[in-house]
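K.L.:
sequence unknown, structure follows:
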């Protein structure tokens, strides 16, 4: 609708002799100011040789009755145009939401495109830091935004199973005699190994020797220890991803990518890469960036070379890709500028293909940032278990048939919401009590509103009320004036890669519906508008389900 209004305003300006104008059509801050507002008169008045209000009045007069579904246009303040939509528009939109069902909110922004989204790619051989879950939660939501926009999305996992991190863990296990089948023992071994590496030269040399041996695969005992530890941590990763609702289309291990990346670097020495003090580097200064090492002085591939190999595997598996996204920490932003510059040259990636790094911030508790290197880590598994236990206590009071399943859904919603409500790259302070609240600004609040809608819809149908838009109240409910915006919000979120826009909208919609529910009787068969209210409730429920799906949050029917 905003595009329809913008086109009509542009034509009206042209008719007044103003061919080019850069104006905005957006929702006003308050519903009392209309459904859309336009600043065209404010930004073009000088060019037209008129004062803004005079021009706004001329535009309003020329647009009157010319835009379908616009009931009236008012001039406000110094020259804003406020557009009020007709009752029929809202009636048709809530009906359309119900008819479209799961397709409500979808668009064709990226129809025909293939997007590769790489996320949840931690260092294995240690417990998952809760902050590692941030990448999964953001990555999964972005994949769903792309899917809602018509893209064929391939979810890719790229876990680190080789390198110094793993060597520290393997060496640490040898020293601590820990059980490689125990994820907590792996965490302690890594902490021990990292501390020794940083503070003891002899231990550092031993760990580097272990690292070389693991690459060479020349020590059966070391290889067996590595394999056992990797199996343990990979199983934990898979279980957490399943709980969070993620299933990958492809898993590429760093140990596979390393040799391939080294081969690619060596093939392009002197052309793209240069020798420097025994290492092989990419001189990013030629691109206005900085130099990075791709093969170290020992001839081993660095992360940079491994990412070349990783890209090679992705491109071979999905040659039709149009966008390749990597979701990882914002501290790697400069790294990926250099990496992508090298990738474009090595693989001759055409400019129309998009290489994108999506940054994520740090998740901290009130006690501050956590670090598996120092051992003060809160694992992803432990925080979800804690949230699940707390949710289970509250779920005992619900009418849910499967309390454990509901507790799991609420725990995941609590965590995901607190992460996704922030803009990409923002740091997150996690507050368990706020996260589990059933009152506003939380995932469980959105779930509870959905369950409330399911309950009232059931009661209305039991009362013999049949959903119908045949008899609508003359003045649209506030909730109707928010509901139709869902498609706009999803489109904006997809364009900007902003799941937080969906979060903000759903909170606003739930607040409006709960206020509506507090003042209106939906299951009263004697109410002449009961059938219409039932359609509205169903439309809000559908919108909530679709919006929560984008966030990777389930919508329980009972709570």
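P.N.:
Here it is on my side, so go on. Note that the structure is predicted; figures quoted are calculated from it, not measured.

K.L.:
does residue 253 really touch residue 163, like I thought?
P.N.:
No. Using Cβ atoms under 8 Å as the test, residue 253 is too far from residue 163 to be in contact (11.2 Å). Placement of C-beta: from N, CA and C, glycine included.

K.L.:
and for those two, which residues touch both?
P.N.:
Taking Cβ atoms under 8 Å, 6 or more residues apart in numbering as the contact rule, residue 253 and residue 163 have no neighbour in common.

K.L.:
look up which helix or strand residue 205 falls in, please.
P.N.:
Remark: residue 205 resides in helix 201-216, with elements defined by DSSP states H and E.

K.L.:
show me what that helix is packed against.
P.N.:
Secondary structure elements in contact with helix 201-216, counted by 3 or more Cβ pairs under 8 Å, 6 or more residues apart in numbering; DSSP states H and E, are helix 164-176, helix 183-199, helix 220-243.

K.L.:
quick one: residue 317 and residue 310 touch, right?
P.N.:
No. With contact defined as Cβ under 8 Å, residue 317 and residue 310 do not form a contacting pair (11.0 Å).

K.L.:
okay, buried residues for the host helix or strand of residue 11 please.
P.N.:
Element membership of residue 11 [criterion: DSSP H and E] is helix 2-15. Along helix 2-15, these residues count as buried under the neighbour rule (16 or more other Cβ atoms under 10 Å): 2, 5-6, 8-10, 12-13.

K.L.:
show the subsequent helix or strand relative to that helix.
P.N.:
Per DSSP H and E, the first helix or strand lying C-terminal to helix 2-15 is strand 25-26.

K.L.:
what packs against that following strand?
P.N.:
Identification of packing neighbours for strand 25-26 by 3+ Cβ pairs under 8 Å, 6+ apart yields helix 2-15, strand 36-38.

K.L.:
can I get the ones you listed in TSV with mean pLDDT and distance to residue 454?
P.N.:
Listed next are those as TSV, based on pLDDT from 0 to 100; distance: least, Cβ to Cβ, whole Å:
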stretch	mean pLDDT	distance to residue 454
helix 2-15	93	32
strand 36-38	96	32
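
K.L.:
which one of those lies closest to residue 530?
P.N.:
With distances scored as Cβ to Cβ, the stretch of those nearest to residue 530 is strand 36-38 (30.5 Å).

K.L.:
contacts for that closest one?
P.N.:
With Cβ under 8 Å, 6+ apart as the contact definition, strand 36-38 has outside contacts at 1-2, 5-6, 9, 23-28, 76, 80-83, 85.

K.L.:
and the next element down the chain from the lowest-mean-pLDDT helix or strand in the chain?
P.N.:
Of all the helices and strands that make up the chain, the one with the lowest confidence by mean pLDDT, DSSP states H and E is strand 363-364; it has a mean of 80. Where DSSP H and E defines the elements, the next helix or strand beyond strand 363-364 is helix 380-395.

K.L.:
give the buried residues for the next helix or strand after that next one.
P.N.:
Past helix 380-395, further along toward the C-terminus, the next helix or strand under DSSP H and E is helix 403-420. Residues of helix 403-420 classed as buried: 403, 406-420 (neighbour count, 16+ other Cβ under 10 Å).

K.L.:
domain parsing for this protein?
P.N.:
Structurally, the chain divides into domains by automatic domain parsing as follows: 2-85, 119-364, 380-551.

K.L.:
so where's the stretch 351-500 of the chain shaky on pLDDT?
P.N.:
Scanning the stretch 351-500 of the chain for pLDDT under 70 picks out the ranges 366-378.

K.L.:
ditto for the chain
P.N.:
Per-residue confidence for the chain (pLDDT under 70) gives these ranges: 131, 366-378.

K.L.:
still on that earlier bit, tilt between the helix holding residue 205 and helix 220-243?
P.N.:
In terms of direction (axes from the mean of the first three to the mean of the last three Cα atoms, to 10 degrees), helix 201-216 departs from helix 220-243 by 80 degrees.

K.L.:
ramachandran coordinates for residue 113?
P.N.:
Here is the backbone geometry of residue 113 (degrees, to the nearest 10): phi -90, psi 160.

K.L.:
check the burial of it by counting its neighbours.
P.N.:
Using other Cβ atoms under 10 Å, residue 113 has 17 other residues around it.

K.L.:
ok, now residue 169?
P.N.:
Counted with other Cβ under 10 Å, the neighbours of residue 169 add up to 33.

K.L.:
how far away is it from residue 331?
P.N.:
When distances are taken as Cβ to Cβ, to the nearest Å, residue 169 and residue 331 turn out to be 22 Å apart.

K.L.:
I'd say residue 34 and residue 82 touch.
P.N.:
Yes. Residue 34 is in contact with residue 82 according to Cβ under 8 Å; the separation is 3.5 Å.

K.L.:
and the two? Which one has more around it.
P.N.:
In this comparison of residue 34 against residue 82, neighbours counted by other Cβ under 10 Å, the higher total goes to residue 34 at 23 against 20.

K.L.:
against residue 80, how distant is the more buried one?
P.N.:
Residue 34 sits 9 Å away from residue 80 when distances are taken as Cβ to Cβ.

K.L.:
same question for residue 361.
P.N.:
From residue 361 to residue 80 the distance is 36 Å (Cβ to Cβ).

K.L.:
again, but for residue 524
P.N.:
As defined by Cβ to Cβ, residue 524 lies at a distance of 40 Å from residue 80.

K.L.:
the more surrounded of these two?
P.N.:
When residue 524 is set against residue 80 and neighbours are counted by other Cβ under 10 Å, the residue ahead is residue 80, at 20 against 15.

K.L.:
residue contacts, that one?
P.N.:
37-39, 41-42, 56.

K.L.:
so which of those residues would you say is closest to residue 129?
P.N.:
Sorting the contacts of residue 80 by distance to residue 129 puts residue 37 at the head of the list, at 45.2 Å, by Cβ to Cβ.

K.L.:
spatially nearest residue to that closest one (excluding sequence neighbours)?
P.N.:
Distance criterion Cβ to Cβ, 6 or more residues apart in numbering; nearest residue to residue 37, sequence neighbours excluded, is residue 28 at 4.2 Å.
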